[in-house]
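S.K.: pasting the sequence and the predicted coordinates here, then a few questions.
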Amino acid sequence: MRSFRIHFVAACAVMGVATVAFAADAPKGQSDKAPVIPRLADGHPNFSGVWVRDGMGGDTFGGGKRTADGSVCILCPPEPLPGAAGAPARPRLGPERPKYKAEFVAKVKELDDNQVEADPALRCGNPGLPRIGAPDAIVHTSGQIVFLYNDLHGAAFRIVPTDGRSHRTDAEETYLGDSVGKWEGDTLVIEAVKFVEDTWLIDDGAFHTPDLKVVERIRFNGDKIEYQVTAHDPAVLAEPWQMRARNLKRSDKPLHEPLPCIERDLDHVVDRTHHDNAR
Amino acid sequence: MTRLYGRLCLAVLASVLIASPLFAHHSVGGQFDTGKKIVLTGTVDRVDWVNPHIYVHLRVKDETGKEAVWRLGTVPVGMARAAGITKESLLAKGQIVKVTAYPARDGTQLLGFLFRVDYPDGHFVQVSPDRE
């Protein structure tokens, strides 16, 4: 707990410094041509900011269907929702799911079949990396990048050194692992290791071993961030698994503390109906 | 922030609710009897504006005058926010509201899924299209 507090205080301190740094580094007067990549004093891209997923989430459920008297139908948008009759096919995880070695396929199915009981993320647990997805806010300084998450289970953060150091030799297993970053041109490549075993890579029983290694690649694509993740776990995966890339757009809204997470539904589920976690 | 919109059951709940009038074979249908609608009239005592799902506590008085408080789960906060619904709007300033709900399948008393709220001025909040 003490270590957590120290890190949290450190993260907050970095946020304060980085906010100033970011303000100083941010380009002024964007032209109508190609967006200028904001850069740190050391010349590397500066990913600081609050970021939201582009093209999913809030955009999909943007307001429901309203009438003049103020009535609203929450899940009745003007256009058919993904999955509804007449709607265009929505990308599903099916073909993009991790491919397991033959001897582990049955275990994945068993976990999937018992998902309501087996999936720790459904009970307000930390989903872990990579399932937690892209960060919601980034505080970036030379030599260090801080990822902040406003996750359904609560707040989470990662402090990732980018100064060339190696993984900590005393790192313990955690949900988000021990991370170090390095630059490949303008792409930041982060390698994370040392994970607890009880999280899933993604929905539906996609377990992993403690030897999981996660590699994230982050770069600017125009004024958006492209976020890619690959999971390496050769003991159980037939091949490295690459999560569908995310495009993040900048938000002008501040990041706030997540709401409390209090799960009280699953004990009342009377069958094994699935409760997916779309990401 | 991303996850308040995109995570835990948002997309799936949306597609399930829209695609199936009975919400069958997925989480809502696994917990609540979507084939049975009950109508409750009362005042909202409390709104638990929490993840993963909002819970509304509705104080209801039966025909004998006996009071009971129903616990009514509903959509995730992110989905409600996107539709412009707030904790305060669900509290309705203590007015008497009419709530349409699905009861719990496991027989738990006073537990349901809030499908629709009708306010005294005639406007309403509904979770998905009414297929009946």
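M.R.: Yes, it's here. Numbering: from 1, shown residues only, chains lettered A, B, ... in the order given.
S.K.: how many neighbouring residues does the closest residue to residue A:241 other than its chain neighbours have?
M.R.: In this structure, residue A:241 finds its nearest non-sequential neighbour in residue A:98, 3.9 Å apart by Cβ to Cβ, 6 or more residues apart in numbering or on different chains. Where C-beta positions appear, they are placed from N, C-alpha and C, glycine not excepted. By other Cβ atoms under 10 Å in any protein chain shown, 25 other residues sit near residue A:98.
S.K.: do the same with residue B:90
M.R.: 21.
S.K.: what does the pLDDT read for it?
M.R.: Residue B:90 carries a pLDDT value of 94.
S.K.: which of the three states applies to it?
M.R.: helix (DSSP: H, G, I helix; E, B strand; the rest coil).
S.K.: surely it and residue B:57 touch.
M.R.: No - counting by Cβ atoms under 8 Å, residue B:90 sits too far from residue B:57 to count as a contact (10.2 Å).
S.K.: ok so, going back, the residue nearest to residue A:241 touches residue A:206, doesn't it?
M.R.: Yes - taking Cβ under 8 Å as the definition, residue A:98 is a contact partner of residue A:206 at 5.0 Å.
S.K.: check contacts around the residue nearest the centre of chain B.
M.R.: Note on chain B: the residue nearest the mean C-alpha position is residue B:114, at 1.9 Å, using Cα atoms, centre = their mean. For residue B:114, the contacting residues are B:56, B:72-74, B:99-101, B:127, by Cβ atoms under 8 Å, 6 or more residues apart in numbering or on different chains.
S.K.: next SSE after the longest strand belonging to chain B?
M.R.: What stands out as the longest strand in chain B, according to DSSP state E, is strand B:38-48. Once strand B:38-48 ends, the next helix or strand along the chain (criterion: DSSP states H and E) is strand B:55-61.
S.K.: pLDDT of that next one, averaged?
M.R.: 96.
S.K.: hmm, back to that, beta-bridge partners for the residue nearest to the centre of chain B, please?
M.R.: residue B:101 (DSSP bridges).
S.K.: where does residue A:278 land on pLDDT?
M.R.: 54.
S.K.: need phi/psi at the residue of chain B positioned farthest from its centre.
M.R.: Centroid-distance maximum for chain B: residue B:64 at 25.3 Å, with Cα atoms, centre = their mean. For residue B:64, the backbone dihedrals (degrees, to the nearest 10) come out as phi -90, psi 0.
S.K.: enumerate every residue touching residue A:179.
M.R.: Contacts of residue A:179 (Cβ under 8 Å, 6+ apart): A:158, A:160, A:190-192.
S.K.: so what's the residue count around the closest residue to residue B:87 other than its chain neighbours?
M.R.: In space, and not counting its chain neighbours, residue B:87 is closest to residue B:49: 4.3 Å by Cβ to Cβ, 6+ apart. Using other Cβ under 10 Å as the criterion, residue B:49 is surrounded by 18 other residues.
S.K.: so residue A:168: helix, strand or coil?
M.R.: Applying three-state DSSP: residue A:168 is coil.
S.K.: could you check the pLDDT of it?
M.R.: Confidence score, pLDDT, at residue A:168: 97.
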